[in-house]
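Visitor: no sequence on this one, just coordinates:
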């Protein structure tokens, strides 16, 4: 039985919804499709204010995507210390940071050629 393919736009929207449901901050989408040798199509980067909120964001994303699309991440790592959690949905990789860790690594600057879209906080 072949695995159902999930549309990237629908997956993006559900990931954003999951982040917003638990008040994740500073949501940024990096479109990597035009970059040679990019590891995926999109990075979504956001941050929480504590390790508890970071894990809540991760849980909310998983719950929303699972409920709406019957999909789950291929791999998740970093939940033990919850400073930087990476969620790999194959074509979309989600980075959930604590604010100070995000500022330190500044991964958006590493992908300066990417088209960057910032989502305004709704609260």
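Guide: Cool, got the structure. No experiment lies behind these values; they were computed from the predicted model shown.

Visitor: all helices of this protein, in order?
Guide: Along the chain, counting by DSSP state H, helices occupy 8-21, 51-69, 99-105, 107-110.

Visitor: Show me what the helix or strand of the chain with the lowest mean pLDDT is packed up against.
Guide: Least confident helix or strand of the chain, by mean pLDDT, DSSP states H and E, is helix 107-110 with a mean of 92. Contact partners of helix 107-110 among helices and strands, from 3 or more Cβ pairs under 8 Å, 6 or more residues apart in numbering; DSSP states H and E: strand 42-48. C-beta: built from backbone N, CA, C; applies to glycine.

Visitor: relative to helix 8-21, how tilted is the strand it packs on?
Guide: Calculated by axes from the mean of the first three to the mean of the last three Cα atoms, to 10 degrees, strand 42-48 forms an angle of 0 degrees with helix 8-21.

Visitor: quick check: angle from strand 42-48 to helix 51-69?
Guide: Calculated by the same axes, to 10 degrees, strand 42-48 forms an angle of 140 degrees with helix 51-69.

Visitor: partners of strand 42-48 in the sheet?
Guide: Looking at strand 42-48 with DSSP bridges, its partner strands are strand 25-31 (antiparallel), strand 92-98 (parallel).

Visitor: pLDDT below threshold where in the chain?
Guide: 1-5, 123 (pLDDT under 70).

Visitor: Just want the most central residue of the protein.
Guide: Centroid-nearest residue in the chain, with Cα atoms, centre = their mean: residue 94, separated by 2.3 Å.

Visitor: For that residue, which non-adjacent residue is closest in space?
Guide: Spatially, and ignoring its direct neighbours in sequence, residue 94 is nearest to residue 87 (4.1 Å; Cβ to Cβ, 6 or more residues apart in numbering).

Visitor: Thank you kindly, that will do.
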